[in-house]
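> below is the structure, and that's it, no one-letter string:
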């Protein structure tokens, strides 16, 4: 399919940190190649651990302070990954279980959140959208939101979900050092250990006709406009 604008990859995530753990490799890879990379983070991460190690509900855990700290870590990670644009929807983290707080992402109607995401898709005109898959209730909500926004706008020609074994395998070995540095930006999350040098994705939508399996999220997309400067 032919596009006039630059290659643009938009990643939709639930919490600060998800951009690095789930899609850090592809974001760094395509940013390095000169594609425009956009991260949309839906919540503030209030239910993450505090920098002092306090967990939600414990003395020393202040949700607003945690949210501010997580946003700072998110910005640092996005700078490391070479992200072109960061968009914050500002919803409250729903937490992994139990009662959902007022304003928690899970309480927001899919149509409402999808409308905000659709406006961003219309602004950035991404050919490719990626989001993450897990059993966390905020993640599941984000998938529903992303799918509706993509179908509502009709702009992206590809939608991918992270997967353990997928239709699309992306080699991230050349940017493994960048992903590692981005993970370390989220110090409050204590993300340690090795990670795979490939990221797997399931192609949930495609109108390009690109054959599977793939090794490039932009397979089937041609005649794009000039990319951004490589870094």
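Noted; the coordinates are in hand. This one's a predicted model, so the numbers in the text were calculated from it and none came from an experiment.

> from residue 214, how far off is residue 9?
14 Å (CB to CB, to the nearest Å). All C-beta spots, glycine's among them, are computed from the backbone N, C-alpha and C.

> next: residue 12.
In terms of CB to CB, residue 12 sits 20 Å off from residue 214.

> okay, these two: which has more neighbours?
residue 12 (30 against 20; other CB atoms under 10 Å).

> ok, now which ones touch the nearest residue to residue 87 once chain neighbours are set aside?
For residue 87, ignoring the flanking residues on the chain, the nearest one in space by CB to CB, 6 or more residues apart in numbering is residue 40 at 4.7 Å. Contacts for residue 40 (CB atoms under 8 Å, 6 or more residues apart in numbering) come out as 10, 11, 12, 13, 87, 89, 117, 120.

> again, 10 Å this time
10-13, 19, 85-89, 116-117, 120-121, 124, 129, 131, 142, 145-146, 149 (CB atoms under 10 Å, 6 or more residues apart in numbering).

> buried among those residues? Need that as a selection in ChimeraX.
The following ChimeraX line selects those of the contacts of residue 40 that are buried, judged by 16 or more other CB atoms under 10 Å:
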select :10,11,12,13,19,86,87,89,116,117,120,121,124,129,131,142,145,146,149
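
> from the contacts of residue 40, which land in strands?
10, 11, 12, 13, 85, 86, 87, 88, 89, 129, 131 (DSSP state E).

> greatest separation within the residues you listed: which pair is it?
The span of the ones in strands among the contacts of residue 40, defined through CB to CB, is set by 88 and 129 at 17.3 Å.

> I'd say residue 144 and residue 114 touch.
Yes: using CB atoms under 10 Å, residue 144 makes contact with residue 114 at a distance of 7.9 Å.

> so where's the protein uncertain?
47-62, 190-192, 223-224, 230-231 (pLDDT under 70).

> quick one: the strands in it?
Going by DSSP E, the chain shows strands at 8-13, 36-43, 85-91, 128-131, 158-162, 168-171, 198-206.

> can you list those strands in JSON lines and add distance to residue 108?
Shown next, in JSON lines, are the strands of the chain (distance: least, CB to CB, whole Å):
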{"stretch": "strand 8-13", "distance to residue 108": "14"}
{"stretch": "strand 36-43", "distance to residue 108": "9"}
{"stretch": "strand 85-91", "distance to residue 108": "6"}
{"stretch": "strand 128-131", "distance to residue 108": "16"}
{"stretch": "strand 158-162", "distance to residue 108": "20"}
{"stretch": "strand 168-171", "distance to residue 108": "29"}
{"stretch": "strand 198-206", "distance to residue 108": "21"}
